[in-house]
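[1] Kindly return the folded structure for what I paste below:
(2 chains)
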Protein chains: 2
Amino acid sequence: MGRQQRVAILGATGAVGMELLKLLEERRFPVAELKLLASPRSAGTHLTFKGERIPVEPVAEASFRGLDLVLASAGASVSKTWAKTIVEAGAVLIDNSSAFRLDPDVPLVVPEVNPQEAFRHQGILANPNCTTILMCVAIYPLHRHIPLRRVVAATYQSASGAGARAMVELEEQTRAYLQGQPLQPQVFPYPIAFNLFLHNSPLQENGYCQEEMKMVNESRKIMGSPHLRLTATCVRVPVLRTHAEALNLEFEQPFPVEQARQILAQAPGVVLIEDWERNRFPMPIDVAGKDEVAVGRLRQDISEPKALELWLCGDQIRKGAALNAIQIAELLLNGVPTPGSCEISSSTAGSR
Amino acid sequence: MGRQQRVAILGATGAVGMELLKLLEERRFPVAELKLLASPRSAGTHLTFKGERIPVEPVAEASFRGLDLVLASAGASVSKTWAKTIVEAGAVLIDNSSAFRLDPDVPLVVPEVNPQEAFRHQGILANPNCTTILMCVAIYPLHRHIPLRRVVAATYQSASGAGARAMVELEEQTRAYLQGQPLQPQVFPYPIAFNLFLHNSPLQENGYCQEEMKMVNESRKIMGSPHLRLTATCVRVPVLRTHAEALNLEFEQPFPVEQARQILAQAPGVVLIEDWERNRFPMPIDVAGKDEVAVGRLRQDISEPKALELWLCGDQIRKGAALNAIQIAELLLNGVPTPGSCEISSSTAGSR
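    As a prediction, this is how the structure comes out:
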């Protein structure tokens, strides 16, 4: 790997921040120096990196001096506040927030899809929305073969997408429910224990919520298809970690399902989990903590000759956020795409 | 209401059987005599009806003599075993299993959709699949106005769809998980606590599971549209009771969304839950134990000018099973459709 990097994680105490820390160690990212930054409220604690306790410092003007790389995951307003300072300090910002994703001057990168984009950055690169990353990893290899005409998506999004506190809320609220002592929601607007609801990001004038429009706008930018037709219904479900998606994919021409299966079996960052005999396809528990997007039950849509359907699960904190950001950093250092490294046992029995 | 009925519930100790018992009392169904029947394994207990303890008897050849109505919810093989005996005894069988649903001689009825069908029965009427009932109640009023061309459905199905034991398994497995003592699945093939999976009914040769093909075939029969194009992805989620569905509805012509909203606001068995200002749409906890199918976030599909999208939640045990069966019985007695009677507080603020 390339030269040693002086790295900061901004938002180090969040769910994605903690995963970034873990992945820097796990993937042996060449860290010369590591700075952990958070809001004054979250600062003061210590986190461990390669056996060493590192203090979490409050972010300040001087925090970024002498750094090469800042991995930010502290929300859009924090990223907007510090981006200029970071770039002026000479560091590259890989930003996990939505702040710059649709900025034409900022590359929006999924290394398995558009690695070449990363190299046109001007100091800032954006890490896409989690649901969008997982979808693009799975559909881009097909889209490159036969162009997509239209996507109809429905998502099953875990609590982790709303952060570490949301995961705690799901556990605590569920425990309380089982003890007959309902807990008031704090993080989510509505009860999540044994319940579900449409994604609660702000609604746009067109009736779609922000999360859904991220899937539309970001996937267009990532896949370089500005006119791709896509509609998504995003739903929060009582799962701790790992999103799932049901995708209906209409192509410009009929796409033989076996050909699509061969393409996905070899696609970077994808693992096929398809055991037709046992009716066994991807589940959240298969991929929690794993790198790959698990795809399965690929089939011909019986309602439309030009459409295929597939089901996917992916770890939202990992490939949906932290891993993708680290892979972008690795790409900048190494100049080649770096697909996920963890292995998932997969089977492709049956022949549908 | 019509003349007093001598009624039996076959499968009285199951989740749907218990709900049938509750609804007969709640809706003041004219019960002259009530017999509770179950397998020898489940018989021997007592259940309460209008304050009276009634024994659960093992089902036998002689069980059906002198009855007017048998409400069966004990699975397809039990229904197939006893149907002839029931009809020959002169009783009408309203069957909640899949045994006779696609039999051309057996009406498959959702009272809000095809009440007239009920009256051509020859002793047996079939109660449709739960997910299908909920969908048809919501989409038929629109389909009648402008014909549907194609439906793309994704479901979020609760544990109750797999019966009372599955609900207990979800609770117990979740409790064990939270105590760090994972429990082996017994009812479901895979863990359901904080997890989800594609519906585990047997896969067909075409790559669709039985549950999905029920939605296709039964909705065609119920809505009298044998060529309706429909594809569904059915998913089991860790919710105790109440199914949800994300529906993409493509019509033969563009369907103005406000017109669709007006139609649904007046549709029998439907309640609109749409608070656009508060981003508040149907959730399972809204409709658990309620009669109506809650519909919300009706919107123009941004990917297809002729498509609308909607989201629905409905109590799978109630309207998805027991209530619909009782409504069929009421229809036979009264000759008119009987929409749900419970009220859900609804709001239709905003104007999208």
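
[2] how about low-confidence regions in chain A?
    A:1-2, A:336-352 (pLDDT under 70).

[3] Tell me which residue of it is furthest from the middle?
    When distances to the mean C-alpha position of chain A are computed (Cα atoms, centre = their mean), the maximum falls on residue A:180, with 35.2 Å.

[4] What distance do you get for that residue to chain B?
    Separation of residue A:180 from chain B (Cβ to the nearest Cβ, to the nearest Å) stands at 12 Å. Backbone N, C-alpha and C define where each C-beta goes, glycine included.

[5] Check the gap between that residue and residue B:171 for me.
    As judged by Cβ to Cβ, to the nearest Å, residue A:180 and residue B:171 stand 12 Å apart.

[6] Need the residues that contact stretch A:11-22.
    By Cβ atoms under 8 Å, 6 or more residues apart in numbering or on different chains, the surrounding residues in contact with stretch A:11-22 are A:9-10, A:36-38, A:42, A:45, A:47, A:49, A:56, A:71-75, A:78, A:96, A:160, A:163-164, A:167, A:317-318, A:321-323, A:325-326.

[7] actually stretch A:24-35, not the one I typed
    So stretch A:24-35 is in contact with A:1-9, A:23, A:49-50, A:54, A:57, A:63, A:67, A:326, A:329-330, A:333, A:341, going by Cβ under 8 Å, 6+ apart.

[8] Would you list the buried entries among the contacts of stretch A:11-22?
    Buried subset of the contacts of stretch A:11-22 (neighbour count, 16 or more other Cβ atoms under 10 Å in any protein chain shown): A:9-10, A:36-38, A:42, A:47, A:49, A:56, A:71-75, A:78, A:96, A:160, A:163-164, A:167, A:317-318, A:321-323, A:325-326.

[9] List the buried residues for stretch A:183-203?
    A:187-188, A:190-201, A:203.

[10] whoops, stretch A:114-121 was the one
    Neighbour counts over stretch A:114-121 (16+ other Cβ under 10 Å) mark A:114, A:115, A:117, A:118, A:121 as buried.

[11] Stretch A:102-112 too?
    Buried residues in stretch A:102-112 (16+ other Cβ under 10 Å): A:106, A:107, A:108, A:109, A:110, A:111, A:112.

[12] quick one: that stretch to chain centroid distance?
    Distance, stretch centre to chain centre, for stretch A:102-112: 14 Å (Cα atoms, centre = their mean, to the nearest Å).

[13] now swap in stretch A:223-239 and tell me
    Centre-to-centre, stretch A:223-239 and its host chain are 13 Å apart (Cα atoms, centre = their mean).

[14] Would you mind listing what in the stretch 251-352 of chain A touches chain B?
    Proximity of the stretch 251-352 of chain A to chain B, by Cβ under 8 Å from any Cβ of the partner chain, involves residues A:257, A:276, A:279-281, A:283-285, A:297, A:299-304, A:307, A:309, A:311, A:352.

[15] Which parts of the stretch 201-350 of chain A are helices?
    For the stretch 201-350 of chain A, applying DSSP state H, counting those that start in this stretch gives helices covering A:210-222, A:257-265, A:284-287, A:323-334.

[16] Deepest-packed of the ones you listed, please.
    helix A:284-287 (a mean of 24; mean count of other Cβ atoms under 10 Å in any protein chain shown).

[17] Name the residues that touch that helix?
    By Cβ under 8 Å, 6+ apart, the list of residues contacting helix A:284-287 reads A:158, A:239-244, A:273, A:293-294, A:313-315, A:344, B:190-191, B:194-196.

[18] all strands of the stretch 101-250 of chain A, in order?
    Using DSSP state E, counting those that start in this stretch, the strands found in the stretch 101-250 of chain A span residues A:124-126, A:148-156, A:197-198, A:229-233, A:235-236, A:243-251.

[19] Extract the CA atoms of the fourth one and return them as PDB.
    Yep, that's strand A:229-233 we're talking about. What follows is strand A:229-233, C-alpha atoms only, in PDB (Å, rounded to 0.1, in the frame of the first residue of the first chain):
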ATOM      1  CA  ARG A 229     -36.200   6.100 -14.000                       C
ATOM      2  CA  LEU A 230     -36.400   5.000 -10.400                       C
ATOM      3  CA  THR A 231     -39.000   4.900  -7.700                       C
ATOM      4  CA  ALA A 232     -38.400   3.700  -4.200                       C
ATOM      5  CA  THR A 233     -40.500   3.100  -1.000                       C
END
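
[20] So it, near chain B or not?
    Yes - contact of strand A:229-233 with chain B (Cβ under 8 Å from any Cβ) involves A:229, A:230, A:231, A:233.

[21] re the thing from before, of the buried residues of stretch A:183-203, closest to residue B:86?
    residue A:194 (36.9 Å; Cβ to Cβ).

[22] residues in contact with residue A:128?
    So residue A:128 contacts A:101, A:108, A:109, A:110, A:136, A:214, A:218, A:222, A:324 (Cβ under 8 Å, 6+ apart).

[23] closest to chain B among those residues?
    residue A:214 (13.4 Å; Cβ to the nearest Cβ).

[24] residues near the residue lying closest to the closest one once chain neighbours are set aside, how many?
    Nearest residue to residue A:214, sequence neighbours excluded (Cβ to Cβ, 6 or more residues apart in numbering or on different chains): residue A:129, at 4.0 Å. Look at residue A:129: counted by other Cβ atoms under 10 Å in any protein chain shown, it has 28 neighbours.

[25] how close does residue A:129 get to residue A:302?
    31 Å.

[26] Mind telling me what element residue A:71 is part of?
    Following DSSP states H and E, one finds residue A:71 within strand A:69-72.

[27] Centre of the chain to that strand, how far?
    For strand A:69-72 - counting by Cα atoms, centre = their mean - the centre lies 16 Å from the chain centre.

[28] Just checking: what are the partner strands of that strand?
    The strands beside strand A:69-72 in its sheet (DSSP bridges) come out as strand A:5-10 (parallel), strand A:92-95 (parallel).
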